[in-house]
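In: Here is my input, please return the structure:
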Amino acid sequence: MERLKVLIFGLLITFVLSSCSSIYWASVKNSTAEELMVKVVFKTEYGTQVMDMPLKAGEVNVWQYEQSSSESKIMDKYLSSIEISDGSGCYLVFNKEEIKKKVKNTTRQIVISPDDFQKACERKVNLNTL
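Out: All right, here's what the predicted structure looks like:
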């Protein structure tokens, strides 16, 4: 009977610890040579929230979020998309799947690279020549 009590107590402690939430930091880094306008979209049970931020070349913007420990490998589960534009009108959007790919090799940081914008600007030029 005593062993059963210890086992139940241990399981209860494990459940409580695993259901606790943790605070994480996420960031967007501008690795391009120009200022970008970044729009981060969050979708929660309360609706859609948008965070607009201009990012100068090399600048990083950080935000804090809370998530359960069982979801610790997910970057901000409410993060829906990131929309980015530059001064020349090039525009790109990272959806949830693309965000997962971007943060795969970083620790909760989305790096916007010059290559990202080169592809976006090539699409813009191709669309304009049609």
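In: where do the strands sit along the protein?
Out: Taking DSSP state E as the criterion, the chain contains strands spanning 21-30, 36-44, 47-55, 60-68, 79-86, 91-95, 109-112.
In: Any buried residues in the longest one, and which?
Out: By that I understand strand 21-30. For strand 21-30, burial by neighbour count (16 or more other Cβ atoms under 10 Å) applies to 24, 26, 28-30. To be clear about C-beta, it is placed using only N, CA and C from the backbone, and glycine gets the same treatment.
In: what's the closest of those to residue 42?
Out: residue 26 (10.8 Å; Cβ to Cβ).
In: Count the neighbours of the nearest residue to that closest one once chain neighbours are set aside for me.
Out: Among residues not flanking residue 26 along the chain, residue 108 sits closest, at 4.5 Å (Cβ to Cβ, 6 or more residues apart in numbering). Other residues near residue 108 number 15, with proximity taken as other Cβ atoms under 10 Å.
In: I'd say residue 108 and residue 25 touch.
Out: Yes. If you go by Cβ atoms under 8 Å, residue 108 and residue 25 touch, sitting 6.5 Å apart.
In: shaky segments in this protein?
Out: Counting by pLDDT under 70, the low-confidence segments of the chain come to 1, 4-21, 68-74, 123-130.
In: Go ahead and confirm residue 79 touches residue 97.
Out: No. Look at residue 79 against residue 97 with Cβ under 8 Å: they stay out of range, at 11.7 Å.
In: ok, back up a step: which residues touch the residue nearest to residue 26?
Out: Residue 108 is in contact with 24-27, 75-76, counting by Cβ atoms under 8 Å, 6 or more residues apart in numbering.
In: Distance check, residue 34 against residue 116.
Out: According to Cβ to Cβ, to the nearest Å, residue 34 and residue 116 sit 12 Å apart.
In: out of these two, which sits in the busier spot?
Out: Legend: neighbour count by other Cβ under 10 Å for residue 34 and residue 116, higher for residue 116 (19 against 14).
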